[in-house]
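[1] Sequence and predicted structure below; questions after.
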Amino acid sequence: MEKTNDTGKRISIIGNDMRRGLVWDDTRAFLAVARRGTLSAAAVELNLGIATLSRRIERLEAALNLPLFVRQQSGYQLTEDGADLIEKAEALEAAAQAFTSGADTQAQMSGQVRLATAENLATELIMPALPEFRAQYPELLVEVVTDISTTNLHRRDADLAVRMVRPERGNVTLRRLGTLGYGLYCSPDYASQREANPDLGDYDTDAFITWGEMQSHLPAAQWVERILRGRKPALTTTSLAAQVAAAKAGLGLAVLPHFIARDVGLFCVASDIGVDQPIYLVIQTDLARSRRIRALADFLTDLVIRNRERLSG
């Protein structure tokens with residue numbers, strides 16, 4: 001892959017079926033429209049005219065000889081080919097950002113950045129990596145807010161967020177970074193009991209650990225509710241850490257993120273139960289060019305991408 005800056009110099013993406021010279025501005029336009037869903041919103045983000053943006057999309061489609069979007073009255077929807085190219089385009093975007101950041105991104109910065117994220121991502125993924133960020137930016141204070149159910153970027157409760165729910169309103173810029181995979185887990189002892197006892201091994205007779213009423217909207221909680229079909233669970237909790245502890249104690253089956261459950265030695269009963277969640281990086285649009293916000297955003301993006309396989313399971 002040849003690196004370029006944002007001046008329109010030629011670049012080359014090497015993929016399974018893509019070996020053509022492209023213009024980075026066109027790829028940037030493709031990502032903006034894919035993320036925003038409309039030409040008008042993407043044009044505002046890129047500070048371009050709609051006609052210019054449309055020409056760049058058409059030029060990219062011509063260069064790739066692929067239709068990237070379905071033009072609808074309500075906006076632009078990715079085609080299957082377009083969706084397949086998102087990850088390659090984002091890898092190119094990350095390379096371009098690293099290339100153009102230069103010494104000014106590494107310069108000493110001070111101030112505060114408030115990050116909202118889920119507790120499991122904070123404690124198991126972000127916190128262990130934060131010393132690396134602190135070594136690079138020792139004067140930059142990171143405030144981590146894990147009660148994201150009450151955190152709203154639109155109200156400026158946080159500057160940026162890593163979350164599993166796509167925002168439906170507010171002036172925010174978002175990027176999908178990966179997938180948080182879930183499976184059904186239990187302790188090795190409980191797994192042995194399921195295998196040895198003919199009355200176990202069927203979800204109809206299994207004990208389940210799940211979320212309390214306040215978290216009943218979560219995909220994991222809804223999956224367990226469908227399986228139980230009116231039966232009582234063995235235990236409800238209000239935190240993921242408590243569910244992990246309960247599963248380790250042998251109280252039953254729990255729907256847990258792969259990367260957490262495997263790290264503590266739990267046994268996987270089912271690895272794909274259909275409750276995987278996308279991981280989004282969300283930034284207030286008017287803060288997206290702030291150097292301190294960008295520094296943390298780039299760090300988090302790289303962190304999630306480096307751990308994609310671990311997170312997805």
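    Looks like it came in fine. Numbering: from 1, shown residues only.
[2] Just the strands from the stretch 151-300 of the chain, written as ranges.
    Along the stretch 151-300 of the chain, the segments classed as strands by DSSP state E, counting those that start in this stretch run 160-163, 172-180, 182-186, 208-211, 235-237, 253-257, 267-270, 277-284.
[3] quick check: mean pLDDT across the fourth one?
    Model confidence over strand 208-211 averages 95 on the pLDDT scale.
[4] any idea which residue sits dead centre in this structure?
    I279 (1.6 Å; Cα atoms, centre = their mean).
[5] wait, doesn't it sit right on L174?
    No - counting by Cβ atoms under 8 Å, I279 does not reach L174; the two are 10.7 Å apart. For the C-beta atoms, the positions are set from N, CA and C on the backbone; glycine is no exception.
[6] so L228 makes contact with I209?
    No - the criterion here is Cβ under 8 Å, and L228 misses it with I209 at 11.4 Å.
[7] Against I126, how distant is the residue nearest to the centre of the chain?
    12 Å (Cβ to Cβ, to the nearest Å).
[8] Now do the shared contacts for those two.
    Common neighbours of I279 and I126, using Cβ atoms under 8 Å, 6 or more residues apart in numbering, are V162.
[9] ok, now which ones touch I227?
    Y203, F208.
[10] swap that for G183, please
    So G183 contacts V255, L256, H258, A261, C268, V269, A270, S271, D272, I273, G313 (Cβ under 8 Å, 6+ apart).
[11] go with 10 Å
    Listed by Cβ atoms under 10 Å, 6 or more residues apart in numbering, the contact set of G183 reads 254-258, 261-262, 266, 268-273, 275-276, 313.
[12] Of those, keep whichever come out buried.
    Buried by 16 or more other Cβ atoms under 10 Å: 254-258, 261-262, 266, 269, 273, 275-276, 313, out of the contacts of G183.
[13] what's the helix or strand for L48?
    Assigning secondary structure by DSSP states H and E places L48 outside every helix and strand.
[14] same check, this time on V113
    Element membership for V113 (DSSP H and E) is strand 111-117.
[15] now do L121
    Assigned by DSSP H and E, L121 falls in helix 119-121.
[16] and what of S54?
    Judged by DSSP H and E, S54 forms part of helix 50-64.
[17] Mind giving me the packing neighbours of that helix?
    strand 21-23, helix 24-36, helix 39-46, strand 69-72, helix 80-106 (3 or more Cβ pairs under 10 Å, 6 or more residues apart in numbering; DSSP states H and E).
[18] try it again with 8 Å
    The helices and strands touching helix 50-64, judged by 3 or more Cβ pairs under 8 Å, 6 or more residues apart in numbering; DSSP states H and E, are strand 21-23, helix 24-36, helix 39-46.
[19] Kind regards, and thank you for your time.
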